[in-house]
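Peer 1: Give me a model of this one.
(one chain, ligands or ions: 1)
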Amino acid sequence: MKIIDLRSDTVTKPTPAMRAAMAQAEVGDDVYGEDPTVNRLQSMIAEMTGMEAALFASSGTQSNLLGVMSHCERGDEYIVGQRAHTYRFEGGGAAVLGSIQPQPLDFLPDGTLDLGEVAASIKPDDFHFAKTRLLCLENTQEGKVLPLDYIRRAEALARGRGLRIHLDGARAFNAAVKLGVPIRAIAGHFDTVSICLSKGLGAPVGSLLCGSKALIDKGRRWRKVLGGGMRQAGILAAAGIYALTHHVERLAEDHENAAALAEGLAEIDELGLQPSSVQTNMVFFSMEPSRFKSLQSHLREQGILISGREKVRLVTHLDVTRDDIRTAVQSFKEYFAKR
Ligand SMILES: *Cc1c(COP(=O)(O)O)cnc(C)c1O
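Peer 2: Prediction:
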């Protein structure tokens, strides 16, 4: 039985061609800066994002932390979404390891932060307050694409108020593909951008922090401090190069599959799902937590994996085909027809 894993786009397995690229990778000691494949990956993403430099990190959590720690000193503050990955789902790393205080704000329903609220939360220069140093956005935010015009206005606010601006772009390529623009059209508005290779791009491991040479040099120092200096990491970087070469344009297929999934599920009244809310590779719906468990086991019997509780998130990716979507929709319908 084929497993149809809709829990996350992190569950993808490297394809045979990606594994072949990994097996053939030329390697060296990357802590010495001598891994040619890591260097190639870093130049490649720097070129794509229009940044001066980039750094290969072990995870998105690490590359976000490197970004925040490279912008902020002890006693500084960053403004961030209340439900942003950087704040909520990274173990509080910036506070724990960087002595950097978060100033969380609620996301608006479209995944943006209200810029009036951002402006109002910037602390005056007064020793009673932490020094507000950085604005951190997320794109995509729960599958939602930040409008380019919004990004421009956020950048203008940050620059005008002397803040740096970081993007948690774990899925920034999904946003770029959805908007039909090159990634640099998004990345160009930020001082640093963190991009995950291990989500929709389908690499097994790795993220990239992109920014100015000075920022990336700082990031490299913190990466070593955090124990993230890897040696013959070219084996992993080769997967990243493969992903950036072959798996960017195809993200559109994941978006189409998510739309098809949402359309199918919208026919189930109990899910109250609005297909128009789906922008990229994520579909959300709500259901009674008590019924979720039995739905989950019904699907699991047919090899379909989902996770969640009140709010259920389904994610499409490289290992989910259009046929899988049909199978999944049918299985959801069977469950709800029975009750
Ligand atoms: C997955 C993710 C990250 C990084 O996660 P890692 O598992 O540490 O690679 C960062 N931000 C967002 C929005 C993510 O979805």
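Peer 1: what does the protein put close to the ligand?
Peer 2: 59-61, 64, 85, 138, 168, 170, 196, 198-199, 207 (C-beta under 6 Å from any ligand atom). Any C-beta I mention is one placed from the backbone N, CA and C, and that applies to glycine too.
Peer 1: how many other residues sit next to Ser286?
Peer 2: The local packing of Ser286 (other C-beta atoms under 10 Å) involves 15 other residues.
Peer 1: Tell me where the longest helix sits in this structure.
Peer 2: As assigned by DSSP state H, the longest helix anywhere in the chain is helix 322-338.
Peer 1: How about that helix, which residues are buried there?
Peer 2: 324-325, 327-329, 331-332, 335-336 (16 or more other C-beta atoms under 10 Å).
Peer 1: what mean pLDDT would you report for it?
Peer 2: Taken as a whole, helix 322-338 has a mean pLDDT of 96.
Peer 1: coming back round to it: out of the residues of the chain next to the ligand, what pair is the most spread apart?
Peer 2: Using C-beta to C-beta, the two most remote members of the residues of the chain next to the ligand are Glu138 and Ser198, lying 16.6 Å apart.
Peer 1: neighbour-wise, which of these two wins?
Peer 2: Between Glu138 and Ser198, counted using other C-beta under 10 Å, the more crowded position is Glu138 (28 against 23).
Peer 1: Now the residue in the stretch 101-250 of the chain positioned nearest to the ligand. Nearest residue, chain neighbours left out?
Peer 2: The ligand sits closest to Ala170 of the stretch 101-250 of the chain, with a gap of 3.4 Å, by C-beta to the nearest ligand atom. Spatial nearest neighbour of Ala170, excluding adjacent residues (C-beta to C-beta, 6 or more residues apart in numbering): Cys196 at 4.2 Å.
Peer 1: wait, what's in contact with the one you found?
Peer 2: 60, 170-171, 206-207 (C-beta atoms under 8 Å, 6 or more residues apart in numbering).
Peer 1: what do you get if the cut-off is 6 Å, keeping everything else the same?
Peer 2: Cys196 makes contacts with 60, 170, 207, as judged by C-beta atoms under 6 Å, 6 or more residues apart in numbering.
Peer 1: how deep is the second one tucked in, by neighbour count?
Peer 2: Pointing back at Ala170 there. By other C-beta under 10 Å, the residues close to Ala170 number 28.
Peer 1: same question, the one 3 residues further on
Peer 2: Applying the criterion other C-beta under 10 Å, we find 26 residues in the vicinity of Phe173.
Peer 1: For Ala185, see how far away it is.
Peer 2: Remark: distance between Phe173 and Ala185 (C-beta to C-beta, to the nearest Å) = 12 Å.
Peer 1: Now do the same contact list for the residue of the chain found nearest the ligand.
Peer 2: Relative to the ligand, the nearest point of the chain is Gly60 (2.3 Å; C-beta to the nearest ligand atom). With contact taken as C-beta under 6 Å, 6+ apart, Gly60 is in contact with 170, 194, 196, 207.
Peer 1: run the last query once more with 10 Å
Peer 2: By C-beta atoms under 10 Å, 6 or more residues apart in numbering, Gly60 lies in contact with 10, 85-86, 89-90, 168-171, 194-199, 206-209.
Peer 1: likewise Asp269?
Peer 2: Applying C-beta under 10 Å, 6+ apart to Asp269 gives the contacts Phe336.
Peer 1: Tell me the spacing between it and Phe336.
Peer 2: Applying C-beta to C-beta to Asp269 and Phe336 gives a distance of 8 Å.
Peer 1: Let me see the domain layout of the protein.
Peer 2: 14-246, 250-337 (automatic domain parsing).
Peer 1: for the longest one, what is the average pLDDT?
Peer 2: So the one you mean is domain 14-246. 98.
Peer 1: any idea how far it is from the chain center?
Peer 2: In terms of C-alpha atoms, centre = their mean, to the nearest Å, the centre of domain 14-246 is found 9 Å from the chain centre.
Peer 1: what's the span of it from first residue to last?
Peer 2: Using C-alpha to C-alpha, to the nearest Å, the end-to-end distance of domain 14-246 comes out at 12 Å.
Peer 1: cool, and stretch 128-145?
Peer 2: Using C-alpha to C-alpha, the end-to-end distance of stretch 128-145 comes to 37 Å.
Peer 1: Pull out the buried positions in it.
Peer 2: 130-145.
Peer 1: And the furthest pair within the residues you listed?
Peer 2: Lys131 and Gly143 (33.3 Å).
Peer 1: helices and strands around the strand or helix carrying Ile186, which ones?
Peer 2: Using DSSP states H and E, Ile186 sits within helix 184-187. Here helix 184-187 touches helix 36-49, helix 148-160, strand 164-169, helix 172-179, strand 192-196, strand 207-211, going by 3 or more C-beta pairs under 10 Å, 6 or more residues apart in numbering; DSSP states H and E.
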